[in-house]
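Chemist: A structural model of the following input is requested.
(chains A, B, C and D)
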Protein chains: 2
Amino acid sequence: MSKRFDEVIPVPRESTKGQRADSGGRRARIRGVPRATIEDVAREAEVAPSTVSLAFNEPERVRPDTRERVLAAARKLRYRPSAIARRLVTRRADMLAVVVPDTRNPFFGKVFQGIDTEARRAGLDVMLFTTENDPGLERQRLEAAVRNRADGIILVGEHRQGPDPAAELLAEMVATGVQVVLVERQVERLPSVWGRKREGCRKAVEHLIGLGHRKIAFVGGLLAQGGSYQRLAGYREAMEAHGLQVRPEWVAEGGFHPAGGREATARLLALDPGLTAFVAANDLMALGVLRALREAGRRVPEDASVVGFDDIPEAAFVVPSLTTVDMPMERLGRRAMELMVRGLEGEVLDGVDEGLPTELRVRESTGPAPGDTVAGAMGGQ
Amino acid sequence: MSKRFDEVIPVPRESTKGQRADSGGRRARIRGVPRATIEDVAREAEVAPSTVSLAFNEPERVRPDTRERVLAAARKLRYRPSAIARRLVTRRADMLAVVVPDTRNPFFGKVFQGIDTEARRAGLDVMLFTTENDPGLERQRLEAAVRNRADGIILVGEHRQGPDPAAELLAEMVATGVQVVLVERQVERLPSVWGRKREGCRKAVEHLIGLGHRKIAFVGGLLAQGGSYQRLAGYREAMEAHGLQVRPEWVAEGGFHPAGGREATARLLALDPGLTAFVAANDLMALGVLRALREAGRRVPEDASVVGFDDIPEAAFVVPSLTTVDMPMERLGRRAMELMVRGLEGEVLDGVDEGLPTELRVRESTGPAPGDTVAGAMGGQ
DNA sequence: AGGAGTTGTCGAAACGTTTCGATGAGGTGA
DNA sequence: TCACCTCATCGAAACGTTTCGACAACTCCT
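Modeler: So this is what the prediction gives:
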């Protein structure tokens, strides 16, 4: 019966000019004792397969002694029901796909942790895909999610400006009943959870202004990687609200990592050595800012102030500890997952668009502007 | 036909004292136009379903015009083959499970990135499970992997001392043909990839000894979370090789995060204020060490030296930048995945046990021991 | 013109579950 | 004792693919 698989015919397949990326050449599957199936258990327990199924899924519907017999047989044969077969017939995967740009960034790691915690509680398994910030890859990964017939998909992370390249595909998925939830991303009509970055950044800038700073730079992320428009907008708002002009040479962009922050800051300082404060798009970049300042011979916070974004665990521990805007990362993940579960239960999530609050955490990296003795009185939101 | 799913009977299920964790209550599946199946495509293209299958999987075996017709039909109907059904019949999932302790730790994030990169290239999808360092949870997650009939499983991260709690389950998986690859973990006979932590730690300590330090502390991870035995062993080796006594009060443990490092260091300083150097089990902890030292009024590197472990991206950017041991995290992931692919192709990986080299990166956080003017001449491996 | 290969397509069985309607054994009330 | 109901179990169909052997239509040779 399983004869066919004992010796795999390695299919000629010589002309491997096949450009079908998802075919992925056949592999051998040689060794391995076959797994027990529901039929094996049924035979062992002397009942019908359907009874075995009942014993597992609706135990109250089978007589206690039968159930015990079935369970014993299952244990004896080390039976583990095949989620594959079950999926096929129930048309439910009990599985979702999570798509993130990059697992190296602690931000996504924490969001994922939140997702995973809730998923576990809901009994859902999770496939994880990374996109490397590449829209083409992102598309492929979304396709993979639908191939796998995931019940739902959580898409994390901003995209470059302009119409969302995934919008059409997402719409198709929704049409076929896949539940979609967005994190830190917005697409018309799709449920979304995000941190109030604009507000957070405004608070950060107002904090700096309150400390007497006037020449405040914004160190943003790469436009191609989602930029940091909301944060930039918050920066602008706060500056303008206080009658401060935003000079183009006060805004720089760099990769969302320490090196990016450092290089951007070096450029900024070259353009205007008079800058006294820096707002970075995330904490990793802020570390780069700190380093660039040190290399320029500026002390923090005496000569210059720095604010980060996210409040990663490291932020409180670097020296000087980082004033930063707390993004509720794990909560974003948990909340997204809660919505997902509600959506899967049939609730319509059409208008849902939740901005979770952000909080300014003042630490050592910000202080009064140099030469300014009247620190104070302007902060607050 | 799909009538059955239009209105889901919410199954009484009142006696939910069922301890079967994996049953996860039924959910509604209401909306959603049905997906096109291979039969729909066959009908549209006026061929048999088996021909559609051929057209996709062995295109050279169907006539070009037929193939074109099939592809056109598929495109028109937005057909996406069901990976589920395919899995059932081929008995291959083209999918693996990756099990990590915690995605918040950048270490695992980078390892995963390596895994994912290679997996994509091999056309494999990946399920990710986290264990929170809990052996019970780990077991559950492994069970989930076999339920899902993953082709292989990559298990990342150390376990507490003593016999590996997962060994038995892993052996069963191997017996049924699941390919297992371990990262930073060793179980008899299972292929494993790891960084040479002992050697790395020895280099770190020798570097410190070379700088004149004699009272060197080891700030290790929590025993319950895998401890850091290899690193501790390297520390011991180096100390003893240089005739330095290892005092019990020079070794402390804490959680693998900044706070853990800080608290452990505070304890160490209380026990022996004479310590001049600290080796931490990872960079996150090292940040905590730095902070604890600062809080104790010690300057780094003038009064005390600190070495971290891993070389996370932040390490080069904090102030002072961290001397640390580079763990080839992404490479660990990539290598594990390469082994996995070879294993899936039928190669026997029985004796494989690869220790990838680690490298000491000397930066600003280490310097000559206070009061020692003869820095030098003893470093090296 | 007839037989032997070759090529392209097809039908049916199989993969391992769940679910629905059917069946039969006991229990109950008249 | 008979009709009726309930309860536990069963058999068969279905889920959406792949694969194997069968088969017809061509091509090629003699």
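Chemist: so where do the helices sit in chain A?
Modeler: Ranges of helices within chain A are A:3-6, A:38-45, A:49-57, A:64-77, A:83-90, A:106-122, A:135-147, A:167-175, A:197-210, A:229-241, A:258-271, A:283-295, A:329-344, based on DSSP state H.
Chemist: For A:Val362, find the nearest of those.
Modeler: With Cβ to Cβ as the criterion, A:Val362 lies closest to helix A:197-210 of the helices of chain A, at 6.7 Å. Where C-beta positions appear, they are placed from N, C-alpha and C, glycine not excepted.
Chemist: Need the phi and psi values for the residue lying closest to A:Lys215 once chain neighbours are set aside.
Modeler: Leaving out its chain neighbours, the residue that sits closest to A:Lys215 by Cβ to Cβ, 6 or more residues apart in numbering or on different chains is A:Leu275, at 4.8 Å. When read as degrees, to the nearest 10, the backbone of A:Leu275 gives phi -60, psi 140.
Chemist: Correct me if wrong: A:Leu275 contacts A:Ile216.
Modeler: Yes. Taking Cβ atoms under 8 Å as the definition, A:Leu275 is a contact partner of A:Ile216 at 7.3 Å.
Chemist: Now for those two: what residues contact both?
Modeler: Common neighbours of A:Leu275 and A:Ile216 (criterion: Cβ atoms under 8 Å, 6 or more residues apart in numbering or on different chains): A:Trp250.
Chemist: before we move on, back to that, got CSV for the helices of chain A, with mean pLDDT, mean neighbour count and distance to DNA strand D too?
Modeler: Shown next, in CSV, are the helices of chain A (pLDDT from 0 to 100; neighbours: other Cβ atoms under 10 Å in any protein chain shown; distance: least, Cβ to the nearest atom of the strand, whole Å):
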stretch, mean pLDDT, mean neighbour count, distance to DNA strand D
helix A:3-6, 28, 10, 6
helix A:38-45, 97, 19, 7
helix A:49-57, 97, 19, 3
helix A:64-77, 96, 16, 3
helix A:83-90, 97, 17, 3
helix A:106-122, 95, 23, 24
helix A:135-147, 96, 19, 9
helix A:167-175, 94, 16, 15
helix A:197-210, 97, 24, 41
helix A:229-241, 94, 20, 40
helix A:258-271, 96, 22, 43
helix A:283-295, 95, 26, 43
helix A:329-344, 97, 22, 18
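Chemist: want to try CSV for those helices, with distance to B:Ser53 as columns?
Modeler: Converted to CSV, these look like this (distance: least, Cβ to Cβ, whole Å):
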stretch, distance to B:Ser53
helix A:3-6, 17
helix A:38-45, 26
helix A:49-57, 28
helix A:64-77, 33
helix A:83-90, 16
helix A:106-122, 33
helix A:135-147, 15
helix A:167-175, 23
helix A:197-210, 48
helix A:229-241, 46
helix A:258-271, 47
helix A:283-295, 47
helix A:329-344, 31
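Chemist: contacting residues around the residue in the stretch 151-300 of chain A that DNA strand C sits nearest to?
Modeler: Per Cβ to the nearest atom of the strand, A:Asp151 is where the stretch 151-300 of chain A lies closest to DNA strand C, at 14.3 Å. Shown in contact with A:Asp151 (Cβ under 8 Å, 6+ apart): A:Arg92, A:Ala93, A:Asp94, A:Met95, A:Leu96, A:Leu124, A:Val178, A:Gln179, A:Leu344.
Chemist: for A:Glu359, same thing?
Modeler: By Cβ under 8 Å, 6+ apart, the contact set of A:Glu359 is A:Gly200, A:Val325, A:Asp326.
Chemist: Repeat that for A:Thr131.
Modeler: Per Cβ under 8 Å, 6+ apart, neighbours of A:Thr131: A:Val99, A:Val100, A:Pro101, A:Asp102, A:Leu137, A:Glu138, A:Arg141, A:Gly157.
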